[in-house]
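*Asks:* okay, sequence plus prediction incoming.
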Amino acid sequence: MASMDGKGEVCSPFIPRRNPVRRTSAEIVSEARRSLRVQSTQRPFTPRDGHRQLFGASSVRDSRPPSAFSLHAQNFDAPDSRPSSGTRLSPLDHKPKFPVLCDAEDPFRSFPKTPSAPLEVKKGPPGMRARLLRTGSLTALSPVEGHKESKEQSNPSAGQKQLSAKRPPGTDKTEGPRKPGPRRTASESRITQPGVASGVGLTECSAEQRTEQGNRDKALSTEEDAESSVWNNMIAPRLQQLESVAAAMPGGSEGSVDRLCDLCDGLHGTLAEADMLGRRCKRRSGILRTLFRLIDLNSAPLNLHIAELCLALCVSGNNLLNICKLIFQISRRESNDILFQNSSIIDSFLGILNNEDVSTSGEALLYCVGTLKFLSGNGAILRLLLEKNCVGVAQKLIQRLRTAADTNFTIAGHILVQLTATLRNLADHPDSRPLFISFSILPELCVVLSDHRKDPDICTNISRIYSKLSSYSECRLALAQTPNCYQLFLDLLNKHHQKQDLVVRLLFTLGNLTAKSDEARWRLFGCEGCVGSLLQLYDAYQRRDDSPHTPSHGQPRAPPGKVQQDEDVLVKLVRVLANMCIHPAVGPALASNTTCIQLLMETLELRCVRESEELLVNVAATINNLSFYQEDSSVLRHSQLSMAKLMLKLVLGSSMDAMLEATRVYGNLSQSKNVRDFIMQNKVHQFVVTLLDSKSTEMCISACGVLTNLAQDPSNRVSLSVEGAIAKLVDCLRDFGPGDWQLVGQVCQALWNMISCGPEKLLDSQERESLLEILTTYLDEDEALKWIEDDDMRDSHRACWELEFLPVAQKLMKTLQPPDQTA
């Protein structure tokens, strides 16, 4: 990779050199070319989960909630607005004030005694009264309490008659249960004072209080009259229709289901128009009872309408959990996805995620997020989730889950598995990337990784998010700026080294981070135990026993799928090494690491190109990068001949990518006389000459590098000329011309090395004239740069022309011209 950094003196071996003091324009162009040689690879494939479940089949979580369950009307708490039966409530710190006479002599005479009437309780759904009577704390309830109010109205006392005469008409209607309010109770109406039972008037003080109470009663009565009117005229008929249609359903016919769905929609609209959604409707328990009974019809479209209305009525507690489970159950079937596109369920669920507390509604949140995970696998719904700010909602929920993990670690972990899987699906859409960055999702997930590093499900989901997003520069930058992310990734690789799907994605992410950033390469290298951890992982996944070149000794080989997965880990790991060693301080350290060089050479020995092409290409690229560093401590420098022999299998293979990388390695290794002799003895030079016919710029420039070094030995020049190397180099000069001055300069370097000692022996007159004509044209600056129209590109080409081509072309021109023209 570093082989294209620059050129040395003419006739010097093909040894690129760096300029540590000043970067020239040509070096900037060379850097752009080197960036293309950073090893790329495919993102690890994530198979789509065909079975919609909370947790995958490989998950080993403890106490995980089920994905399959049955729900019926009996699972719901019908009242929903009061505690379950038999629960004692603490007494209120409130002393009621009664409108009574103030007797100065005996003030206690005026207060009522404890009423002997039975305790009045609110009417509940059918069967609820019987359940209450079975509860120990309420065994004293009168069996006729439900009719108490009607009896009192049929036998009013004198005080009651007096008060009722002053009430507005219509306030005694009792259409269904009512919520507690300032209306006077029956026990208050029965209170009589000594001396006033025969009609003695009250004092002026109590008269004012009674007037104020009457005004409140009047306002409340007006409100109740309006609600009763809506209930009687619009809501009750719809509830009756729902029950009658459901009772007459012939085995769940489609027409009846559609009719019930329409009635639910109508009921929803009526409640919305009357401002009776939420908990504002005093008779919402009756509505919920009717809706809950319809769930037993087991119709997905109907149940979704029921759930939508129940959420609009703000169910809570056990009912909220069961509604979330009901919707989760519907979403498990992919064919039901279309039902969610035209409903408000997604909005309701996002509201639940925003508002519900993890400690009290953790399980409901779990099934809620699990539903969104399933739905986010649908492309149309995925776009809806992005439009409805699902990423922002997820970010807030992550922060709340981190706080709740102190006391509810298990349920927080379960929810995070679903939430990170949802984010993984959202990351597939290009519009999600700006949202992930603006809401700082990537740093947040790093914190989650650190807190839940022992949870393989959470770690794997987050690694999938990173592997997807790190392929894009803006996301790479956001992740690279996260403190300690490199050390965290290394710690996870050490902890979960046997979990292949997690390891391969973390390595892929590290490869992306180090692909084009020297800072990332250095920060990763500077992490504690970095090289040791990577090489230990390399050794663990080398799988020497499964190599086709290793005898099995009767031991069963791993399944092909397992072998391929392990090899994919090596592909990503070697890519990280190849990218890291581009850094001028990291490269020499890796080149001097004996274990690193041995593992790379061992991979070349164990694998064949046909079965492990990508792996061997990455290994060759890593060796090419390492071979650039020629320090005395370099292990590779002392193993050049052995490495040249291993490269031979890549050159002779059928993979063009493998040939290219092997040729690049030979370009650096052929600085050694022993390697040059090996190349000539094994006829590798013939293959290199044929690469000049390639239309690929990369192939031609790599071949020119090898030929430049081979031509250093006079004995090799004739052999190269016999193979037609000079003629092919002239063709390359003509064909690539002004389009690539670096390549053309390398061609001139190879020609100069081949003919500088005696052009009359290697060039005939026609080839000389053709070469002179081309050089004359290219040495004219105006002629050479006239094809470049863009000013910025013209400056770049001029810099490359001046530094890469002009010096060597002038010397070659001087060599080709007759002595009388050069004098």
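*Replies:* That came through fine.
*Asks:* show me where the stretch 501-650 of the chain has its helices.
*Replies:* Counting by DSSP state H, counting those that start in this stretch, the stretch 501-650 of the chain has these helices, from start to end: 518-525, 530-540, 560-580, 586-591, 594-606, 613-627, 640-651.
*Asks:* counting neighbours, which bits of the longest one end up buried?
*Replies:* For helix 560-580, the buried set under the neighbour-count rule, 16 or more other C-beta atoms under 10 Å, comprises 563, 565-580. For glycine as for every other residue, the C-beta is placed from the backbone atoms N, C-alpha and C.
*Asks:* ok so, going back, which of the helices of the stretch 501-650 of the chain is buried the deepest?
*Replies:* Among the helices of the stretch 501-650 of the chain, ranked by average contacts under mean count of other C-beta atoms under 10 Å, first place goes to helix 613-627 (a mean of 26).
*Asks:* output the helices of the stretch 501-650 of the chain in TSV, with mean pLDDT and distance to residue 795 appended to each entry.
*Replies:* Formatted as TSV, the helices of the stretch 501-650 of the chain follow (pLDDT from 0 to 100; distance: least, C-beta to C-beta, whole Å):
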stretch	mean pLDDT	distance to residue 795
helix 518-525	96	25
helix 530-540	96	40
helix 560-580	90	30
helix 586-591	95	31
helix 594-606	96	40
helix 613-627	94	30
helix 640-651	93	39
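*Asks:* and residue 323, which of those helices is closest to it?
*Replies:* When the helices of the stretch 501-650 of the chain are compared by C-beta to C-beta, helix 560-580 sits nearest residue 323, at 41.1 Å.
*Asks:* run through the neighbouring helices and strands of the closest one.
*Replies:* Counting by 3 or more C-beta pairs under 8 Å, 6 or more residues apart in numbering; DSSP states H and E, the packing neighbours recorded for helix 560-580 are helix 500-513, helix 518-525, helix 530-540, helix 586-591, helix 594-606, helix 613-627.
*Asks:* contacts only, for the closest residue to residue 587 other than its chain neighbours.
*Replies:* Ranked by C-beta to C-beta, 6 or more residues apart in numbering and with sequence neighbours excluded, the top spatial neighbour of residue 587 is residue 581, at 4.1 Å. By C-beta atoms under 8 Å, 6 or more residues apart in numbering, residue 581 lies in contact with 587, 590, 591, 622, 625, 626, 629.
*Asks:* which members of those are the farthest-apart pair?
*Replies:* Most distant of the contacts of residue 581, by C-beta to C-beta, are 622 and 629, 12.2 Å apart.
*Asks:* distance of residue 454 relative to residue 409?
*Replies:* Using C-beta to C-beta, to the nearest Å, we find residue 454 at a distance of 11 Å from residue 409.
*Asks:* could you say which helix or strand holds the residue nearest to the spatial centre of the chain?
*Replies:* Closest residue to the average C-alpha location of the chain: residue 424 at 2.8 Å, with C-alpha atoms, centre = their mean. Residue 424 is located in helix 409-426, with elements delineated by DSSP states H and E.
*Asks:* from the contact counts, what lies against that helix?
*Replies:* Using 3+ C-beta pairs under 8 Å, 6+ apart: helix 409-426 touches helix 358-375, helix 379-387, helix 390-404, helix 441-451, helix 456-469.
*Asks:* in a markdown table: those helices, plus distance to residue 652.
*Replies:* Shown next, in a markdown table, are the helices and strands packed on helix 409-426 (distance: least, C-beta to C-beta, whole Å):
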| stretch | distance to residue 652 |
| --- | --- |
| helix 358-375 | 50 |
| helix 379-387 | 46 |
| helix 390-404 | 52 |
| helix 441-451 | 45 |
| helix 456-469 | 35 |
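*Asks:* to residue 494, which of those lies closest?
*Replies:* helix 456-469 (12.4 Å).
*Asks:* burial count for residue 475?
*Replies:* Using other C-beta atoms under 10 Å, residue 475 has 22 other residues around it.
*Asks:* look at it and tell me its secondary structure.
*Replies:* Secondary structure assignment for residue 475 (DSSP: H, G, I helix; E, B strand; the rest coil): helix.
*Asks:* what sits against it?
*Replies:* Counting by C-beta under 8 Å, 6+ apart, residue 475 touches 433, 436, 437, 442, 469.
*Asks:* quick one: the helices in the stretch 701-823 of the chain?
*Replies:* Counting by DSSP H, counting those that start in this stretch, residue ranges of the helices within the stretch 701-823 of the chain are 714-722, 725-736, 741-755, 759-762, 765-779, 781-785, 791-800, 806-816, 819-822.
*Asks:* which positions in the second one come out as buried?
*Replies:* By neighbour count on 16+ other C-beta under 10 Å, the buried set for helix 725-736 is 725, 726, 727, 728, 729, 730, 732, 733, 734, 736.
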